[in-house]
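**Q** how would this look folded up:
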Amino acid sequence: MPLQTIEEIAAFIVADGKGILAADESNPTCGKRFDSIGVASTEDNRRDYREMLFRADGMQENIGGVILFDETIKQAAADGTLLRDIISAQGALPGIKVDKGLEPIQDCPGETVTVGLDGLNARLQDYAAMGAKFTKWRAVINIGAGIPTDKCIDLNMQALAEYAKLAQDNGMVPIVEPEVLMDGDHSIDDCYAATERSLKSLFLHLEKNGVNIKGTLLKPNMVTSGKDYAQQAGVEEVARRTLECLINNVPADLPGVTFLSGGQSDVLATAHLDAMNRIGGFSWKLSFSYGRALQASALVAWGGKSENVVTAQEAFTHRASMNKLAATGTWTEALEGR
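**A** Modelled structure (predicted):
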């Protein structure tokens with residue numbers, strides 16, 4: 001049955017434990033990933049790598065949507081098939097990252113605002129014509145001495161809301177991503193406070209801008225210790241504090257929360273998601289929108305060599321299936337013994 005409304009699209013992406021493959025790395029970011037395996041970041045290599053992921057068996061049943069970069073949504077595979085059509089044939093929906101990155105905020109040292117609203121409506125029309133069903137915009141919030149400031153949070157959440165309304169006006173689901181970074185030596189309490197302030201502001205601005213929450217997905221960070229903090233919070237504490245923050249600040253009629261992994265190891269990102277779903281007590285689907293945490297093992301296994309494609313696809317399929325189990329609260333660490 002074709003998906004007619006943004007509410008149906010949003011619900012489809014997170015149905016039955018499915019989540020999102022974030023494959024929207026910019027070319028410089030992709031270059032850093034490829035450097036780690038000694039592969040040149042050429043257009044053909046980026047295409048071959050992503051085609052390998054999109055054709056993997058693990059796409060079926062586990063992945064409801066794939067976030068693409070501008071280059072990728074327009075790219076064809078080696079056999080001429082558009083990459084976005086490969087995604088659709090696997091039963092997932094193609095989506096597109098539409099923000100244009102970060103700029104410093106005047107008089108707010110160490111803080112940025114996400115840009116890209118200029119000309120966005122025309123770009124959204126083009127992407128919708130290409131078959132994109134959803135979109136993504138990322139705001140970045142840093143924790144440090146005296147930050148985040150109210151100004152930084154307000155500017156970023158206002159931009160997220162304006163973007164979300166434009167996406168919906170063009171018939172696409174907006175994923176709103178207010179990422180509080182793990183970078184730093186802050187405590188889990190500091191992360192909770194910054195995340196709560198960001199979510200409160202975000203949903204206030206979404207409401208003000210007339211955004212339909214039932215046709216929106218949230219891509220938040222988990223509430224964790226800063227990665228340089230001496231005493232890292234354990235899995236159960238991260239799960240409990242993250243749920244507390246979401247339940248207190250996220251409307252019940254939002255269809256899905258799809259977490260970013262934010263630099264967590266692949267298994268830890270899965271463990272946190274599983275622990276939250278085992279606790280329960282929320283109305284939305286709680287799933288994943290992982291980049292590195294879905295791709296890291298596949299990238300290493302691939303190594304830029306065509307003879308490694310099957311092995312790399314198996315690595316991706318394993319991670320995708322583990323995260324689907326986590327999204328239904330049925331994962332165990334024993335399943336990781338490959």
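**Q** Let me know the pLDDT of the closest residue to Arg46 other than its chain neighbours.
**A** Leaving aside its sequence neighbours, Arg46 sits nearest to Cys30 (Cβ to Cβ, 6 or more residues apart in numbering; 5.6 Å). Where you see a C-beta, it was placed from the backbone N, CA and C, and this is true even at glycine. Predicted confidence (pLDDT) at Cys30: the value is 96.
**Q** same thing with the one 3 residues further on?
**A** Arg33 carries a pLDDT score of 96 in this model.
**Q** hang on, the earlier thing: any idea whether the residue nearest to Arg46 is helix, strand or coil?
**A** helix (DSSP: H, G, I helix; E, B strand; the rest coil).
**Q** I'd assumed Glu43 was in contact with it.
**A** No. Cys30 lies out of contact with Glu43 (Cβ atoms under 8 Å); the separation is 10.3 Å.
**Q** Assign the residue most central in space within the chain to helix, strand or coil.
**A** For the chain, the residue nearest the mean C-alpha position is Ser289 (3.6 Å; Cα atoms, centre = their mean). With three-state DSSP as the basis, Ser289 sits in strand.
**Q** Go ahead and confirm it touches Lys219.
**A** Yes. Counting by Cβ under 8 Å, Ser289 does reach Lys219; the two are 4.9 Å apart.
**Q** what about the stretch 201-338 of the chain, any weak spots by pLDDT?
**A** Filtered on pLDDT under 70, the stretch 201-338 of the chain yields the residue ranges 338.
**Q** again, 80 this time
**A** Under the criterion of pLDDT under 80, the regions of the stretch 201-338 of the chain flagged as low confidence span 337-338.
**Q** which stretches of the chain form helices?
**A** For the chain, the helices defined by DSSP state H occupy 6-13, 27-35, 43-54, 70-73, 83-89, 120-129, 150-169, 188-208, 235-249, 266-279, 292-302, 309-327.
**Q** Please compute how far the longest one lies from its chain's middle.
**A** Translated: helix 188-208. With Cα atoms, centre = their mean, to the nearest Å as the basis, helix 188-208 stands 17 Å off its chain's centre.
**Q** which strands and helices sit next to it?
**A** Packing partners of helix 188-208 (3 or more Cβ pairs under 8 Å, 6 or more residues apart in numbering; DSSP states H and E): strand 134-141, helix 150-169, strand 173-180, helix 235-249.
**Q** can we see that at 6 Å?
**A** helix 150-169, strand 173-180, helix 235-249 (3 or more Cβ pairs under 6 Å, 6 or more residues apart in numbering; DSSP states H and E).
**Q** could I have that helix exported to CSV, CA atoms only?
**A** The C-alpha coordinates for helix 188-208 follow below in CSV (Å, rounded to 0.1, in the frame of the first residue of the first chain):
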residue,chain,number,x,y,z
ILE,A,188,25.7,12.8,33.1
ASP,A,189,23.8,15.5,35.1
ASP,A,190,25.3,18.2,32.9
CYS,A,191,24.2,16.2,29.8
TYR,A,192,20.7,15.8,31.2
ALA,A,193,20.3,19.5,31.9
ALA,A,194,21.5,20.6,28.4
THR,A,195,19.4,17.9,26.7
GLU,A,196,16.3,18.9,28.7
ARG,A,197,16.8,22.6,27.8
SER,A,198,17.2,21.7,24.1
LEU,A,199,14.1,19.5,24.0
LYS,A,200,11.9,22.0,25.8
SER,A,201,12.9,24.7,23.4
LEU,A,202,12.6,22.5,20.3
PHE,A,203,9.0,21.4,21.0
LEU,A,204,8.0,25.0,21.9
HIS,A,205,9.3,26.2,18.5
LEU,A,206,7.8,23.3,16.6
GLU,A,207,4.4,24.1,18.1
LYS,A,208,4.8,27.8,17.4
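**Q** Specify the angle between it and helix 235-249 in degrees.
**A** Computed with axes from the mean of the first three to the mean of the last three Cα atoms, to 10 degrees, the direction of helix 188-208 lies at 30 degrees from that of helix 235-249.
**Q** what does helix 188-208 contact?
**A** By Cβ atoms under 6 Å, 6 or more residues apart in numbering, the residues outside helix 188-208 that reach it are 141, 143, 148, 153, 157-158, 161, 178, 180, 223-225, 233, 241, 245, 249.
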